[in-house]
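In: just coords:
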């Protein structure tokens with residue numbers, strides 16, 4: 001099982017590391033981190049990831065995962081990346097995204113007319129790609145699985161494991177990770193946060 005995770009500058013660390021931790025527990029899984037070039041890539045807080053493969057090195061994959069991050073807007077029109085995603089997609093069993101990674105996946109045209117989701121603050125932007133945006137932690141449409149913001153990537157990865165292997169395997173992996181979220185505050189979606197706090201979270205126009 002070959003799993004490829006695309007890396008670019010200013011990715012969100014948990015978008016990458018959360019799904020990686022779950023997916024790396026699949027028996028026989030080989031996970032490849034690939035960027036436009038080999039080398040160090042940093043998130044917006046300067047967490048560094050050493051990426052050993054360029055996208056030119058990866059010509060096929062069973063799973064493709066596109067994480068989100070503040071750097072996603074800078075590559076939405078990058079023809080080399082878009083063409084690579086479309087090429088790899090012809091070989092995948094599942095093509096997936098986390099958070100704003102759905103924007104890059106949608107920019108290829110592969111999600112046109114499909115049910116998708118993304119980070120709550122990116123949904124209006126995603127709708128511009130002729131997709132049906134739904135309010136779910138993750139959503140599968142065909143072989144495409146998109147997930148909401150950041151932590152939802154772990155949920156998506158566990159669901160993906162249940163499809164690749166079986167539900168019991170996914171449950172064992174979830175238990176091994178002790179992934180049993182019990183946050184101190186019930187404000188993990190915009191409809192749960194007080195309006196005045198939500199307004200402060202939105203980017204200023």
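Out: Yep, that arrived. Please read these numbers as outputs of a predicted model, since none were measured by experiment.
In: surely residue 28 touches residue 3?
Out: No. Residue 28 is beyond contact range of residue 3, at 10.6 Å (criterion: Cβ atoms under 8 Å). Glycine gets a C-beta too; all of them are placed from N, C-alpha and C.
In: so for the two, which sits in the more crowded spot?
Out: residue 3 (25 against 7; other Cβ atoms under 10 Å).
In: residues contacting the residue nearest to that one when sequence neighbours are not counted?
Out: With Cβ to Cβ, 6 or more residues apart in numbering as the criterion, residue 3 has its nearest non-adjacent residue at 4.3 Å, and that residue is residue 63. Residue 63 makes contacts with 1-4, 23, 92-96, 160, 164, as judged by Cβ atoms under 8 Å, 6 or more residues apart in numbering.
In: which members of those occur in helices, if any?
Out: Members of the contacts of residue 63 lying in helices (criterion: DSSP state H): 23, 160, 164.
In: relative to residue 69, which of those residues is nearest.
Out: Closest to residue 69 out of the ones in helices among the contacts of residue 63 is residue 23 (18.2 Å), distances taken as Cβ to Cβ.
In: since we're on that closest one, how many residues are nearby?
Out: 22.
In: ok, back up a step: what is the nearest of the contacts of residue 63 to residue 69?
Out: Closest to residue 69, out of all of the contacts of residue 63 and judged by Cβ to Cβ, is residue 96, at 15.2 Å.
In: start to end distance for stretch 41-49?
Out: 5 Å (Cα to Cα, to the nearest Å).
In: what residues sit buried inside it?
Out: 41, 43, 49 (16 or more other Cβ atoms under 10 Å).
In: ok, now stretch 89-104?
Out: Buried, per 16+ other Cβ under 10 Å, within stretch 89-104: 89, 92, 94-104.
In: same question, stretch 30-38
Out: For stretch 30-38, burial by neighbour count (16+ other Cβ under 10 Å) applies to 31, 33-36, 38.
In: give me the contact list for it.
Out: Outside stretch 30-38, the residues that reach it (Cβ under 8 Å, 6+ apart) are 1-8, 16, 20, 23-24, 41, 49, 51-55, 57-58, 61, 78, 80-81.
In: run the last query once more with 7 Å
Out: Here stretch 30-38 makes contact (Cβ atoms under 7 Å, 6 or more residues apart in numbering) with 1-8, 20, 23-24, 41, 49, 51-55, 57-58, 80-81.
In: in strands, which of these fall?
Out: Among the contacts of stretch 30-38, DSSP state E puts 2-6, 41, 49, 51, 53-54 in strands.
In: among the residues you listed, which pair sits farthest apart?
Out: So, those by Cβ to Cβ: farthest apart are 2 and 41, at 20.4 Å.
In: chain center to stretch 53-68, what's the gap?
Out: 12 Å (Cα atoms, centre = their mean, to the nearest Å).
In: helix or strand for residue 16, which one?
Out: Using DSSP states H and E, residue 16 sits within helix 13-23.
In: what angle do that helix and strand 2-6 make?
Out: 170 degrees (axes from the mean of the first three to the mean of the last three Cα atoms, to 10 degrees).
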